[in-house]
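**Student:** Following is a predicted model, sequence given first.
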Amino acid sequence: MAFNNNTAAGSVVHCTNEFNTRLIVPNDIAITSSTTYQSILKLELGKFERAIFRIWLDVLSDADGDLKYKVTVPTNTVSYRARNLVSENPISGAVTEAITFDSNTSGSPEVTAVGADGDLYALITGTITCGNTAGALDLQAAQNTSNATATTIKFGTYLEYMKF
């Protein structure tokens, strides 16, 4: 078991060096008729806590509603570094992926995925260092254009993490 010293918080954290995989979407989440973000998965973090995270977002997109998503972080976050990889929409044959990198204190900005009906995915990996405010690393999603036909966040979408 590793001992990680957080000099900013003046604490030592015991870590198993294994990712925690308890944050999994157990059933499909249908997002309909709304462009208002809803929380899909949240990782609660305390003051001065640090974590490595991986988010897998599996989506069945509707062409009329499409998808937008973002990752929000606690107030006073000291550091947020993330690699955001998103597939073409919809996936067709050999997959084309777009990659962006976020290096800030405000999380991953809104990403819109528009296209025809079909599957798409996003993989967000990174690290976060909280400041003196507790809060949550929060994956949020909504339809890009409000439509009665659902954009579906598929079961098995997950957020895994390791605090250190």
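**Tutor:** Received it, and whenever you're ready, just let me know what you need. Please read these numbers as outputs of a predicted model, since none were measured by experiment.
**Student:** Give me the distance between the closest residue to Asn20 other than its chain neighbours and Gln140.
**Tutor:** The shortest distance from Asn20 to any non-neighbouring residue, by Cβ to Cβ, 6 or more residues apart in numbering, is to Tyr161 (5.5 Å). To be clear about C-beta, it is placed using only N, CA and C from the backbone, and glycine gets the same treatment. In this view, Tyr161 and Gln140 are 17 Å apart by Cβ to Cβ, to the nearest Å.
**Student:** any weak-confidence spans in the chain?
**Tutor:** 1-15 (pLDDT under 70).
**Student:** May I see the buried residues of stretch 133-151?
**Tutor:** 135, 137-145, 147, 150-151 (16 or more other Cβ atoms under 10 Å).
**Student:** next one: stretch 67-80
**Tutor:** Within stretch 67-80, the residues scored as buried using 16+ other Cβ under 10 Å are Leu67, Lys68, Tyr69, Lys70, Val71, Thr72, Val73, Pro74, Thr77, Tyr80.
**Student:** List every C-alpha atom in stretch 57-77, with coordinates, as CSV.
**Tutor:** Once non-C-alpha atoms are left out, stretch 57-77 reads as follows in CSV (Å, rounded to 0.1, in the frame of the first residue of the first chain):
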residue,chain,number,x,y,z
LEU,A,57,-18.9,8.0,-22.0
ASP,A,58,-20.9,5.6,-24.2
VAL,A,59,-23.7,7.3,-26.2
LEU,A,60,-26.5,6.4,-28.6
SER,A,61,-27.0,9.7,-30.3
ASP,A,62,-30.1,11.0,-32.0
ALA,A,63,-29.5,13.2,-35.0
ASP,A,64,-32.2,15.6,-34.0
GLY,A,65,-31.0,16.0,-30.4
ASP,A,66,-27.3,15.2,-30.7
LEU,A,67,-25.1,15.5,-27.6
LYS,A,68,-23.2,18.0,-25.6
TYR,A,69,-21.1,17.2,-22.4
LYS,A,70,-18.6,18.8,-20.1
VAL,A,71,-16.7,18.1,-16.9
THR,A,72,-17.0,20.5,-14.0
VAL,A,73,-14.7,20.8,-11.0
PRO,A,74,-14.9,22.2,-7.4
THR,A,75,-14.4,25.9,-6.8
ASN,A,76,-10.7,26.9,-6.2
THR,A,77,-9.4,23.8,-8.1
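**Student:** Cool, thanks, talk later.
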